[in-house]
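I need the structure of the sequence given here:
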Amino acid sequence: MDRNGTPPPRHRVVVLALDGLLPFELGIPHRIFDRAKDAEGFRLYETVTCSIRQPGPVRTDSDFSVLVEHGPEALATADTVVIPASHELGPVYEEGRLTDELAAALALVRPGTRMVGICTGGYVLAAAGYLHGRPATTHWAMAEHFQRVFPKVEVDADVLFIDDGDVLTSAGVAAGIDLCLHIVRRDHGTAVANEVARRTVVPPHRDGGQAQYIQRPIPEAQLATTRTARTWALARLHEPIQLRDMAEQEAMSVRTFTRRFREEVGVSPGQWLTRQRIERARHLLESTELSMDQVAHDAGFGTAQSLRQHLQSALGVTPTAYRRTFRAGAAI
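Residues are numbered from 1 along each chain as shown. Predicted coordinates for the structure are as follows:
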């Protein structure tokens, strides 16, 4: 809110609904972005849905249609365009070519608009040229076909989502939630994103580099889990934590613990620990005035230099720049 009591302008998200859309994925942007609020309780995003035709019904892949109240002209007002999955992409899917109607609609998007594709929505971005020479992902079952249709896209089938700055893509279904939460976190910080996740009853953060699917995601019922070790580690991130220390919490050998941990979480214990420390550092940078040395200590990185290296690697920014960005956003 400014000095006159006026709330900040909302970031406008326009969701493009195409025939054959998946209702679940169509609802993800609305569910996530519309629940993001600032410290004063003002909504940070405005989310609207549009069609490539004039307002009217759009077919879904289920036994009902959705009534869309905006035509393609809404795309010209977008700060971010989200394209959810569709099972009726026609020449986009088969030949990597936009229909005339879809091309005309996308031509209305302003230069510099952030583009987001959920699952097969990435096909539309690729056909429109947004992914030429850039990394992207899609549902793992479509990845080989995606690469074949769009050979100039750097397809990575092993991740939940990819953030390439102004163009972002995700795998299918729940990975769309992860990507939208990531965007909220990127725009407004971990506190806002975590509150959205809490209200949506989903995990606050699954890293984009996490595997899309794990062959044995749930251990057999009679086997112990690694939950106790994770809880133990989260309570002492500021301390040095060795792999053997975590294994001891579950009375397992290091080898067994490492295997079980990867089965349950999808990453190695070391990767998980680093990510938790990065999240702790982000929270401290956003919400405290602690020095960089103290943030590094409390997050378990030891030194400010180590903190800088890890944050730069994970987020592409320095701790100082990260703090400045989100402190500035909070002051609006």
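
quick one: low-confidence parts of the stretch 201-332 of the chain?
Applying pLDDT under 70 to the stretch 201-332 of the chain flags residues 203-224, 327-332.

for it, which segments count as helices?
In the stretch 201-332 of the chain, the helices defined using DSSP state H, counting those that start in this stretch lie at 227-234, 243-249, 254-265, 269-287, 292-299, 304-315, 319-331.

would you list those helices in JSON lines and tack on mean neighbour count and distance to residue 158?
The way it works is simple: take the backbone N, C-alpha and C, and place the C-beta from them, glycine included. Shown next, in JSON lines, are the helices of the stretch 201-332 of the chain (neighbours: other Cβ atoms under 10 Å; distance: least, Cβ to Cβ, whole Å):
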{"stretch": "helix 227-234", "mean neighbour count": "16", "distance to residue 158": "23"}
{"stretch": "helix 243-249", "mean neighbour count": "17", "distance to residue 158": "23"}
{"stretch": "helix 254-265", "mean neighbour count": "18", "distance to residue 158": "14"}
{"stretch": "helix 269-287", "mean neighbour count": "20", "distance to residue 158": "14"}
{"stretch": "helix 292-299", "mean neighbour count": "19", "distance to residue 158": "27"}
{"stretch": "helix 304-315", "mean neighbour count": "17", "distance to residue 158": "18"}
{"stretch": "helix 319-331", "mean neighbour count": "15", "distance to residue 158": "27"}
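
what's the closest of these to residue 33?
helix 319-331 (15.6 Å; Cβ to Cβ).

picking up where we left off before, nearest to residue 53, out of the helices of the stretch 201-332 of the chain?
Closest to residue 53 of these, according to Cβ to Cβ: helix 319-331, at 36.7 Å.

pipe the helices of the stretch 201-332 of the chain into JSON lines and attach distance to residue 185 per row.
Shown next, in JSON lines, are these (distance: least, Cβ to Cβ, whole Å):
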{"stretch": "helix 227-234", "distance to residue 185": "19"}
{"stretch": "helix 243-249", "distance to residue 185": "26"}
{"stretch": "helix 254-265", "distance to residue 185": "19"}
{"stretch": "helix 269-287", "distance to residue 185": "8"}
{"stretch": "helix 292-299", "distance to residue 185": "17"}
{"stretch": "helix 304-315", "distance to residue 185": "10"}
{"stretch": "helix 319-331", "distance to residue 185": "10"}
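
out of those helices, nearest to residue 58?
Residue 58 lies closest to helix 319-331 among the helices of the stretch 201-332 of the chain, at 34.5 Å (Cβ to Cβ).

and the residue of the chain most remote from its centre, how far from residue 236?
The C-alpha centroid of the chain is most remote from residue 251, which lies 34.8 Å away (Cα atoms, centre = their mean). For residue 251, the distance to residue 236 equals 19 Å [Cβ to Cβ, to the nearest Å].
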